[in-house]
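[1] got a predicted structure here, sequence first:
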Protein chains: 2
Amino acid sequence: MSTFYHPHTIITMNIVFTTRLPHEGFSRLDSHKLIMPLTDTFTHSQLCEHMSDADILVATYDYAVPMQILQSAHKLRMIAAFGAGFNNIPIEWCRQHGVIVTNTPTVVVEPTAEQCFALMHAVVHRTAELDRRLRMADSDGIRFGVMHNLGRSLYGMTLGIIGMGKIGQAVARRAVAAGMTIIYHNRHQLDADIEKRYHARYVSFDELLRTSDMVSLNLPYTPEVHHLIDTAELHTMKSNAFLINTARGAHVNEKALAQALLKGEIAGAGLDVFENEPQITPELLQCPNVVLSPHIGTGTWEGRLATCRSVEENIFALLCGNHNLPNRVV
Amino acid sequence: MSTFYHPHTIITMNIVFTTRLPHEGFSRLDSHKLIMPLTDTFTHSQLCEHMSDADILVATYDYAVPMQILQSAHKLRMIAAFGAGFNNIPIEWCRQHGVIVTNTPTVVVEPTAEQCFALMHAVVHRTAELDRRLRMADSDGIRFGVMHNLGRSLYGMTLGIIGMGKIGQAVARRAVAAGMTIIYHNRHQLDADIEKRYHARYVSFDELLRTSDMVSLNLPYTPEVHHLIDTAELHTMKSNAFLINTARGAHVNEKALAQALLKGEIAGAGLDVFENEPQITPELLQCPNVVLSPHIGTGTWEGRLATCRSVEENIFALLCGNHNLPNRVV
């Protein structure tokens, strides 16, 4: 890796952003040229135009970067992914062309775990449904009353976490305090001291589905886990169990999920991610026992600013010639 | 107190319920006569009819028991409150007439803390608002996108708990795991070891209002705390702070709250209780930054069944001639 930044030679880098992000998150890079769309995102052709001069590309998690766009990027040294996942980036191409890829795995942890918990609470306490019905002009027959509008208690439930990485563990930490029993499935069993911290028990995928009252998906997307939750898995789950997905939409066969919910094969779901965002399987919009959110797992002001800072740190490290780039994935 | 229950003399008691509750919660009382409305609640005149023969009255938290109804209740030995609060029961009359009053303070703790947490998450992550907008046919311009629909992180916020009893502490336990800093105000400062458990700092009411990002009401209702949160207190709160009320509606001047929300004097609110239930100040129904629920703080199936069991235990203890009744308040 060459050194870009010497005390006596300040070189201005062209840093291209797929998506408009707050400049205040990149104040340490103000001697460089930040090229952002005026609103939202660049079209592919706009992005293509900028790539021939780009030294660095900042790609947000929701922007699929096509390989073709990168072919004109002769100066490109780095793609800094804004987010933990990088399945939107042509990783193999980057590897072959010596383009570094970094991500921001740490800053997404707490906001995503929080959104996971928000959906978990909302689905069992019927938060969105009851708020919606209270606001309806004709009030839809909603009544206050001791035996009306009852939800379920998380307290005492068994939570099955699929993917016990940083986010899964941040969910587990909250779940312990919420009085839940934790089981998990993961590529590898965790060290005993981590398991002990969350009183968490490693189980097979099948046992997790069969015994959890609440199943939470907290694993990264790879083609091997495409439709990890499909008709058979939904059928294996308990009929009074809930599913939460704050990871990636393609983990779940969304049509199969909608069917399972409509048939009462599971009790409810909280979904922050969808197979074909921003499209949502229409049947899900009709289910009262589903809570939907528009992929805002990391979408808090604090989370976004922290992610900008993390991208900035990754870029800054490259510019300073740091040979051990933080958060390097390629 | 006389003993009702001898090995050789099983006396059938008339146990009158203000409100229909699941019989399965009272299976230990099946040798007694349980008098319940067929649906929902007795009218005052129906209840009055039953009171002349009533040995025990089970009164749910939402049923105001008028003193007049009790005047014909010559056999009445006990009012078993279903819930933690008992401001719906004429306590002084009971004291004067030697009628025992019990409540169910323990079983409500976890469900209420959970609902408090559900509203806290929902209001900062905009859970109800975004779910509602995603379901609208015309979709109201909702867009997926990195800088769209942003919420706020609980992680890192200062939570001010007003009323640090059992429920307040159950909220605090969850908040520690959620990465919040805890301050509290209470009639009395807690023991140092309890404070330490939650890293909680005792502050004045004024300091709590001035410095909290999230204010949660977790104190019982008494006339002294009527409109504890009024125009001045809302004005003292930070403009980016949130208010959660899962205690009693009359703690808050609801009209003043609606004004503060409409003017942006505070950032949002989560409300499970209202001043004039089931009426809700209409302006609140128009606020997108408010999450509303129909007094379901203790309203989970698990919570309701546990409350039935707690009422049953209180009654059973009386019938067994236990001189140290659990949960006796008068």
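    On my side now, so go ahead.
[2] from here on, contacts and neighbour counts on C-alpha atoms
    OK.
[3] show me what contacts the nearest residue to A:Pro278 once chain neighbours are set aside?
    In this structure, A:Pro278 finds its nearest non-sequential neighbour in B:Phe144, 6.1 Å apart by CA to CA, 6 or more residues apart in numbering or on different chains. Residues near B:Phe144 by CA atoms under 8 Å, 6 or more residues apart in numbering or on different chains: A:Glu277, A:Pro278, A:Pro294, A:His295.
[4] how many other residues sit next to the second one?
    For A:Pro278, the number of neighbouring residues by other CA atoms under 10 Å in any protein chain shown comes to 13.
[5] check the third one too.
    For A:Pro294, the count of nearby residues is 25 (other CA under 10 Å).
[6] I'd say it and A:Asn276 touch.
    No. Taking contacts as CA atoms under 8 Å, A:Pro294 lies outside contact range of A:Asn276: 11.7 Å.
[7] before we move on, back to that, mind checking which of the contacts of B:Phe144 are in helices?
    Under the assignment DSSP state H, the contacts of B:Phe144 contribute nothing to helices.
[8] need those residues in a markdown table (columns: distance to B:Cys308 and pLDDT).
    A markdown table is the format used below for the contacts of B:Phe144 (distance: CA to CA, whole Å; pLDDT from 0 to 100):
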| residue | distance to B:Cys308 | pLDDT |
| --- | --- | --- |
| A:Glu277 | 45 | 90 |
| A:Pro278 | 45 | 90 |
| A:Pro294 | 39 | 95 |
| A:His295 | 40 | 95 |
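[9] kindly indicate which of the residues you listed lies nearest B:Ala260.
    A:Pro294 (28.2 Å; CA to CA).
[10] look up how far chain B lies from the closest one.
    Computed as CA to the nearest CA, to the nearest Å, the A:Pro294 to chain B distance reads 6 Å.
[11] show me the contacts for that residue.
    Going by CA under 8 Å, 6+ apart, A:Pro294 touches A:Asp272, A:Val273, A:Pro278, B:Leu130, B:Leu134, B:Arg143, B:Phe144, B:Asn149.
[12] swap the cut-off to 10 Å and go again
    Contact analysis of A:Pro294 by CA atoms under 10 Å, 6 or more residues apart in numbering or on different chains lists A:271-274, A:277-280, B:127, B:130-131, B:133-134, B:142-145, B:148-149.
[13] quick check: domain ranges of chain A?
    Using automatic domain parsing, the domain ranges for chain A come out as A:14-107+A:301-319, A:109-292.
[14] which of the ones you listed sits closest to B:His74?
    domain A:109-292 (27.6 Å).
[15] straight-line length of that closest one, end to end?
    Chord length of domain A:109-292, first to last residue, is 20 Å (CA to CA, to the nearest Å).
[16] please, which helix or strand holds the residue in the stretch 1-150 of chain A that chain B sits nearest to?
    When distances are taken as CA to the nearest CA, the stretch 1-150 of chain A reaches nearest to chain B at A:Ala128, 4.2 Å away. Element membership for A:Ala128 (DSSP states H and E) is helix A:127-135.
[17] how much does that helix deviate in direction from helix B:127-135?
    When axes from the mean of the first three to the mean of the last three CA atoms, to 10 degrees is applied, the directions of helix A:127-135 and helix B:127-135 differ by 80 degrees.
[18] helices or strands next to helix A:127-135 in the packing?
    Counting contacts by 3 or more CA pairs under 10 Å, 6 or more residues apart in numbering or on different chains; DSSP states H and E, helix A:127-135 packs against helix A:109-124, strand A:290-292, helix B:109-125, helix B:127-135, helix B:282-286, strand B:290-292.
[19] can we see that at 7 Å?
    When contacts are defined as 3 or more CA pairs under 7 Å, 6 or more residues apart in numbering or on different chains; DSSP states H and E, helix A:127-135 sits against helix B:127-135.
[20] dump the C-alpha coordinates for the helix it packs on into CSV.
    Output of helix B:127-135 as CSV, limited to C-alpha atoms (Å, rounded to 0.1, in the frame of the first residue of the first chain):
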residue,chain,number,x,y,z
THR,B,127,-42.3,2.5,15.2
ALA,B,128,-46.0,3.2,15.2
GLU,B,129,-45.7,6.2,12.8
LEU,B,130,-43.6,4.4,10.2
ASP,B,131,-45.7,1.2,10.4
ARG,B,132,-48.8,3.3,9.9
ARG,B,133,-47.4,5.2,6.9
LEU,B,134,-46.0,2.0,5.3
ARG,B,135,-49.6,0.6,5.4
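[21] what's the mean pLDDT across whichever helix or strand comes after that helix?
    For helix B:127-135, the following helix or strand on the C-terminal side (DSSP H and E) is strand B:158-162. On average, the pLDDT along strand B:158-162 is 98.
[22] who does strand B:158-162 pair up with?
    Strand B:158-162 pairs in its sheet with strand B:181-185 (parallel), strand B:214-217 (parallel), by DSSP bridges.
[23] what residues does it touch?
    With CA atoms under 7 Å, 6 or more residues apart in numbering or on different chains as the test, strand B:158-162 has contacts from B:168, B:180-186, B:208, B:212-219.
[24] flag every residue of the stretch 1-150 of chain A that's near chain B.
    A:110-111, A:118, A:121-122, A:127-128, A:130-132, A:135, A:144, A:150 (CA under 7 Å from any CA of the partner chain).
[25] now for the residues you listed, which pair is the farthest apart?
    A:Glu110 and A:Phe144 (34.8 Å).
[26] can you get me a residue count around A:Arg197?
    A:Arg197, neighbours per other CA under 10 Å, totals 12.
[27] hang on, I meant A:Thr43
    As a burial measure, A:Thr43 scores 11 neighbours (other CA under 10 Å).
[28] quick one: the helix holding A:Ala128 to helix A:109-124, angle?
    50 degrees.
[29] quick check: mean pLDDT across helix A:127-135?
    For helix A:127-135, mean pLDDT rounds to 95.
[30] chain center to that helix, what's the gap?
    Its chain's C-alpha centre and that of helix A:127-135 lie 26 Å apart, by CA atoms, centre = their mean, to the nearest Å.
[31] same question, stretch A:168-185
    Stretch A:168-185 sits 18 Å away from the centroid of its parent chain (CA atoms, centre = their mean).
[32] now what about it, what contacts it?
    Contacts for stretch A:168-185 (CA under 7 Å, 6+ apart): A:109-110, A:113, A:154-164, A:198-205, A:208, A:218, B:173-174, B:177-178.
[33] can I get the buried ones among the residues you listed as something I can paste into PyMOL?
    Buried residues among the contacts of stretch A:168-185 (16 or more other CA atoms under 10 Å in any protein chain shown), as a PyMOL selection:
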select buried, (chain A and resi 109+110+113+154+155+157+158+159+160+161+162+163+164+198+199+200+201+202+203+208+218) or (chain B and resi 173+174+177+178)
